[in-house]
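Novice: Structure for this input, please:
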Amino acid sequence: MITVTQAAVRQLQMLVSENPDYRDKGLRISIEDGGCAGRQYGMEFTASRAEDHHIPLDGVEVIIDPDSARFLAGSTLDYTDGLTGTGFKILNPHAVRSCGCGTSFEFAEEPR
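Specialist: Down below sits the predicted model:
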């Protein structure tokens, strides 16, 4: 499915420990239509559904719906905190182009 770096796991653990509303939820990563390049990532803490893919990680969980899973296969979720930007980053080998602002992307062809 996807790889989650230790930096991302630590940030998820911190978010869950600081926000009681997140304790019984996971970080849902989704692919949505939108942005200037055609697709964009969505992330939110939500409850899981039976059809979701679950990635348990040291007391936290990443959740991916089946439709987004094919777009995210082989990707890496990372967290960076630096001068050039702070936040979760997805490194997706299927994305061939991203927009200038870096929030949307496109695929050469639809993953199966």
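Novice: can I assume residue 16 sits in a helix?
Specialist: Yes - counting by DSSP: H, G, I helix; E, B strand; the rest coil, residue 16 is found in a helix.
Novice: For burial, what's the neighbour tally of it?
Specialist: 20 (other C-beta atoms under 10 Å). C-beta: built from backbone N, CA, C; applies to glycine.
Novice: List the residues that contact the spatially most central residue of the chain.
Specialist: When C-alpha atoms, centre = their mean is applied to the chain, the residue found nearest the centroid is residue 29 (3.8 Å). By C-beta atoms under 8 Å, 6 or more residues apart in numbering, residue 29 lies in contact with 2, 41-43, 62-64, 68, 72, 77, 90.
Novice: For the helix or strand hosting it, which strands pair with it and how are they oriented?
Specialist: Residue 29 belongs to strand 26-33 when assigned by DSSP states H and E. Neighbouring strands of strand 26-33 in its sheet, by DSSP bridges, are strand 39-46 (antiparallel), strand 60-64 (parallel).
Novice: Give the PyMOL command for selecting the buried subset of the contacts of residue 29.
Specialist: Buried subset of those, written as a PyMOL selection, criterion 16 or more other C-beta atoms under 10 Å:
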select buried, resi 2+41+62+63+64+68+72+77+90
